[in-house]
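What follows is a predicted structure for the sequence shown.
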Amino acid sequence: MTEPTVPRTTTTAAPATDALEDVVPHATERGDATVTGDPQGKRGRSLRERMRRTPRPPEAPPGPITHYVTARSLGMVSCHACGMLNRHVPSAATERCRRCNSVLHTRKPDSLTRTWALLIAAAIMYLPANLLPVMHTVSLFGDEDDTIMSGIVYFWTSGSWPLAIIVFIASFMVPMLKLVVLCLLAGTSQAGSRWRPLQRTRLFRLVEFIGRWSMLDVFVVTLTVALVHFQSLATIYAGPGAIAFGMVVVLTMLASQQFDPRLIWDTIENSGQHHD
């Protein structure tokens, strides 16, 4: 008998690429470029093309490099009176503002020389301001002289330590710190130092802000003389220390006004470096 013939079916193995494509789904939630039903034919890309890594961009240098443009580099000069920009004419003997007719200059004339002169004068007056009495009291019990430090000690021993701290900071620490900071700024600018220009500029702004609060002792003496002026009981006079202290405050304020903070950045600009 003849055995029945069984038809043989041959199966063709799917390509490896198609098998892998079936295993790896087209994930749109991962931000993949292949999208199901993409009309532009992106689905037909091979797995190797889709999984190819894009080269990394070159790493940026550490810290951004910012190039600043100044008015002086563009041949302009700003008026110190009205702030208007004027064209700088180097050949002119004296330049004047077109708006207010003020004399123009790119930097304050003799800024460092005037600053040093005022600082030396303030340092000389700082010693008598702390050694001489700032207040002289005449009463039925006798005469009494008070210096800044004796007043601080009196407030501290009598229990008014918050007032003692305020007077110590405003009348002793602030003038001394102003002298030190202004000497530091003038010295580094004159030496052409490129050390921390941003921090030095902030120091200058801080000195300008706290300078007016150094007159606390002068205000206290003035108010005391005006209020406590009973001829029969007591009389209070301002001593020579108050005059010296007021001169220290005025001289340091003038020194901070004469100092040009743009001198801090001139060395960096001339050296070709840039600071953020």
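Thanks, I have it. The structure displayed is predicted, hence computed values, not measured ones. Numbers count the residues shown, from 1 in each chain.

helix/strand/coil for Arg99?
Three-state assignment for Arg99 (DSSP: H, G, I helix; E, B strand; the rest coil): coil.

quick one: the strands in the stretch 101-250 of the chain?
135-139, 142-146, 229-230, 234-238 (DSSP state E, counting those that start in this stretch).

Direction included, what does the second one pair against?
Its sheet considered, strand 142-146 pairs with strand 135-139 (antiparallel) by DSSP bridges.

any idea of the angle the strand it pairs with forms with strand 234-238?
Going by axes from the mean of the first three to the mean of the last three CA atoms, to 10 degrees, strand 135-139 is angled at 160 degrees with respect to strand 234-238.

how many other residues sit next to Met173?
12 (other CB atoms under 10 Å). Placement of C-beta: from N, CA and C, glycine included.

Find me the pLDDT at it, would you?
Listed pLDDT for Met173 reads 86.

Return the distance of it relative to Ile148.
11 Å (CB to CB, to the nearest Å).

now do Val249
From Val249 to Ile148 the distance is 12 Å (CB to CB).

repeat for Pro175
In terms of CB to CB, Pro175 sits 10 Å off from Ile148.

what is in contact with those two at once?
Ala129, Phe245 (CB atoms under 8 Å, 6 or more residues apart in numbering).

What is the neighbour count of the closest residue to Ile210 other than its chain neighbours?
Of all residues not flanking Ile210 in the chain, Val174 sits nearest, at 5.9 Å (CB to CB, 6 or more residues apart in numbering). Residues near Val174, counting by other CB under 10 Å, number 20.

how about low-confidence regions in the stretch 1-150 of the chain?
1-68 (pLDDT under 70).

which residues of it fall in helices?
16-23, 47-50, 111-131, 148-157 (DSSP state H, counting those that start in this stretch).

Let me see the confidence value for Met215.
Reported pLDDT for Met215: 66.

same question but for Gln258, I mixed them up
What the model reports for Gln258 is a pLDDT of 92.

thinking it is in contact with Thr115, fair?
Yes: in this structure Gln258 lies within contact range of Thr115 using CB atoms under 8 Å: 4.9 Å.

neighbour count winner among those two?
Thr115 (25 against 21).

Name all residues that make contact with that one.
Counted by CB under 8 Å, 6+ apart, Thr115 has contacts Leu182, Ala186, Ala255, Gln258, Phe259.

Distance of Leu112 relative to Gly241?
Leu112 sits 30 Å away from Gly241, going by CB to CB.

the more surrounded of the two?
Gly241 (23 against 18).

wouldn't Ile268 be in contact with Arg194 here?
Yes: taking contacts as CB under 8 Å, Ile268 lies within contact range of Arg194: 5.6 Å.

more crowded one of these two?
The neighbour comparison of Ile268 against Arg194 (other CB under 10 Å) goes to Ile268, with 16 against 13.

Would you mind giving the secondary structure of the more buried one?
Assignment for Ile268 (three-state DSSP): helix.

Name the nearest residue to Arg200, sequence neighbours excluded.
Closest to Arg200 by CB to CB, 6+ apart is Ile264, at 5.3 Å.
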